[in-house]
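Colleague: Generate coordinates for the sequence data below:
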Amino acid sequence: MLDRRYITLSILATTLSYTKAAQRLFITQPAVSQQINSLEQELDTKLIEKDGNRIKLTTAGHQLVQYVDKISFESDRVLQQIKTKQAKQTIEVGATLSLSIFLLPTLISHLVRTNPKIKTVIANTNEILTALRQGKIQFGIVEGNFDKNEFDAVNIRHENFVGVTYPDNPLAKYNQLSLDDLMNQTLLIRELGSGTRDIFANWLATQNYTINDFTNQVEVANPSTIIHLLLNKMGISFMYESLVTEQLSHRQLVKLPLKNFDISHPINFVFLKNSYFKPNYLKIAQKLIN
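Modeller: Residues are numbered from 1 along each chain as shown. Just a heads-up that it's a prediction; the model follows:
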């Protein structure tokens, strides 16, 4: 079990208040200060510093809290595994909105064979990574960027990333388009924090453009809504080809023949770095590899 001082540091990192931390721990405020001071002396490093009338964690403090939270989450899961029969254990899995449509069902179909209780969290990449840090999920499938020092990952596949529009769009008649040809179109784009948005924004940057260069922008947090708008003859968008395979095959939507736009992006199965359960997670990830 973790030293009480580390738990105190973790709670202080959440509250950023000695008073609130004391209330959460049912101890006095001086006791909280004493525990933090003791920990800093033992480690010979500053963990908390003043920021005006407030407090904040130092870089070392952030690193230690991240480690403490990981150990705490893992310990809770090990104890739960010991106490609970497999049939009663719950698997918590996260997926980004795009991947929840075409990849999460495959993952669930594999998991349900041995784990009848499954809980899913559907959110954007940043939110899935936060859920991992907070122990709300055990692993996730994401397409966005992540810190390889913080998370382990298995690349499970690559997905083609395409521009799409409705067949009646005047752009659809061209054999090749430039970015300038798209600027007056209504761009249907995902929200900040979305891996899909990041992919497109990063590519635009290589061409010396930004999303704000588009005259009309509609930010939509759900890929299914974006597809619905495209089918109703609104604008253009950029997404994984697997999201619109059926619509493309029936020519309800068409690809934009954009010059120098050839993107295939990795899809990753992610979990906390050096997790005790890593062998189990690797087995699950292997089932998703084409």
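Colleague: average model confidence for whichever helix in the chain runs longest?
Modeller: The longest helix of the chain (DSSP state H) is helix 59-83. For helix 59-83, mean pLDDT is 77.
Colleague: Ok, stretch 200-210 next?
Modeller: Mean pLDDT, stretch 200-210: 94.
Colleague: so Val162 sits right up against Ser237, yeah?
Modeller: No. Look at Val162 against Ser237 with C-beta atoms under 8 Å: they stay out of range, at 9.5 Å. (C-beta placed from N, C-alpha, C; glycine too.)
Colleague: Between the two, tell me which one has more neighbours.
Modeller: Higher neighbour count among Val162 and Ser237: Ser237, with 28 against 22, using other C-beta atoms under 10 Å.
Colleague: Next, work out how far apart that one and Thr130 are.
Modeller: Distance of Ser237 to Thr130, given as C-beta to C-beta, to the nearest Å: 26 Å.
Colleague: so how far is stretch 146-155 from its chain's centroid?
Modeller: 11 Å (C-alpha atoms, centre = their mean, to the nearest Å).
Colleague: mind listing the helices for the stretch 51-200 of the chain?
Modeller: 59-83, 97-102, 104-111, 125-133, 179-182, 195-206 (DSSP state H, counting those that start in this stretch).
Colleague: wait, what's in contact with the residue lying closest to Asn175 once chain neighbours are set aside?
Modeller: Among residues not flanking Asn175 along the chain, Pro257 sits closest, at 6.0 Å (C-beta to C-beta, 6 or more residues apart in numbering). Each residue near Pro257 by C-beta atoms under 8 Å, 6 or more residues apart in numbering is listed here: 174-177.
Colleague: in the sheet, who's paired with the residue nearest to Thr120 when sequence neighbours are not counted?
Modeller: In space, and not counting its chain neighbours, Thr120 is closest to Val93: 5.6 Å by C-beta to C-beta, 6+ apart. Beta-bridge pairing of Val93 under DSSP bridges involves Thr120, Phe139.
Colleague: so how far is Ile289 from Val93?
Modeller: For Val93 relative to Ile289 (C-beta to C-beta), the value is 16 Å.
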